[in-house]
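using only what follows, build the 3D model:
(chains A and B)
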Amino acid sequence: DAGVIQSPRHEVTEMGQEVTLRCKLISGHNSLFWYRQTMMRGLELLIYFNNNVPIDDSGMPEDRFSAKMPNASFSTLKIQPSEPRDSAVYFCASSFRAGARNYNEQFFGPGTRLTVL
Amino acid sequence: GDSVTQMEGPVTLSEEAFLTINCTYTATGYPSLFWYVQYPGEGLQLLLKATKADDKGSNKGFEATYRKETTSFHLEKGSVQVSDSAVYFCALQDFGNEKLTFGTGTRLTIIP
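Now for the predicted structure:
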C-alpha cells in the first residue's frame, strides 16, 4: 500500500509568492494532520481534520496560512504571501479514527522542504 | 496542558553501546505514549508505543516502559548500531484525542 504522499518534495520560492503544499492520505484514513518542523521550534501541529472537518487549527501561525480538504483523500496547505520565516519542513500525517479509542497511530509523509528567499 | 520533556541532544555513542534517552510527560488524563524515529530526509515513523501504565513497548531491539508513578517513558536499547542514527521523538496522546504532543527530539549518532 502507498503511504502518505506529499508534493512537492522541495520548493524554493521568493518572498511574497503563494505556495501550495499537497498531501494525499492513506486510503481509508479519515484524519489528516499538518505539521511544521524547524530547528528553532521543533515539530509543531498546525491543524488537523477529521472526516474533512477542521477540528483544531490553533497552531496555524496567522491568516497567511490556510488548509483545506476538498475531498476525503486530499489536502492542501497554502501560504499567501510567503515570508522567509516560513522556511521549514512541512509534514502531513494521516490516521484512521473510529470512535473513541485509546490511541490512533499517525502515519507521516516524507515532508516538503520549503525555502522562502 | 499536556507536555513532553525529552533529553537534550545530540547524543553520540559508539557502536554496541547501551542507549538511554529520557522522556517525562505531563498530562491530565490517561495518555498513550509513543516513540517516533526520523531517519535523515524522511518523515517520522512509529517505533513503539504503550497505551497504559506498566505496558512495555518494544521494536527493533528498542524498549520503553510506561511508568505512571514517575510519569516517564524512557527509551533503551542494549546494543546500538550505526543504522540507529536518527532523531528520536517522544510523544503522548490523550485518550479519545487524536492530537499528538511531541517532545523536542533527540539526535542520536552512532559511530563505528
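
for chain B, where's the lowest mean pLDDT among helices and strands?
Taking mean pLDDT, DSSP states H and E as the measure, the helices and strands of chain B show their lowest mean at strand B:100-102, namely a mean of 90.

quick one, what contacts residue A:97?
With contacts defined as Cβ atoms under 8 Å, 6 or more residues apart in numbering or on different chains, residue A:97 is in contact with A:30-31, A:50, A:104, B:98. For every residue, glycine as well, the C-beta is placed using N, CA and C.

in PyMOL, how would I select the buried members of those?
With 16 or more other Cβ atoms under 10 Å in any protein chain shown as the burial test, the buried ones among those are selected in PyMOL as follows:
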select buried, (chain A and resi 30+31+50+104) or (chain B and resi 98)
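
chain B contacts on chain A?
In this structure, chain A approaches chain B at residues A:4, A:31, A:33, A:42-43, A:45, A:48, A:50, A:55-56, A:91, A:93, A:95, A:97, A:100-111, judged by Cβ under 8 Å from any Cβ of the partner chain.

one more time with 10 Å, if that's ok
Proximity of chain A to chain B is confined to A:3-4, A:6, A:9, A:31, A:33, A:35, A:37, A:41-45, A:48-50, A:55-56, A:58-59, A:89, A:91-93, A:95, A:97, A:99-111, A:113 under the rule Cβ under 10 Å from any Cβ of the partner chain.

quick one: the residue of chain B found nearest chain A and residue B:91, what's the gap?
In chain B, no residue comes nearer to chain A than residue B:43, which is 3.4 Å away by Cβ to the nearest Cβ. Relative to residue B:91, residue B:43 is positioned 14 Å away (Cβ to Cβ, to the nearest Å).

of these two, who's got more company?
Between residue B:43 and residue B:91, counted using other Cβ atoms under 10 Å in any protein chain shown, residue B:91 has the larger neighbour count: 25 against 22.

just grab the bridge partners of the more buried one for me.
The residues paired with residue B:91 through beta bridges, assigned by DSSP bridges, are residue B:34, residue B:102.

before we move on, back to that, wait, what's in contact with the spatially closest residue to the residue of chain B closest to chain A that is not a sequence neighbour?
Setting aside the residues directly before and after it, residue B:43 is nearest to residue A:108 in space (Cβ to Cβ, 6 or more residues apart in numbering or on different chains), at 3.4 Å. The contact partners of residue A:108, taken as Cβ atoms under 10 Å, 6 or more residues apart in numbering or on different chains, are A:3-4, A:6, A:33, A:35, A:91-94, B:36, B:38, B:42-46.
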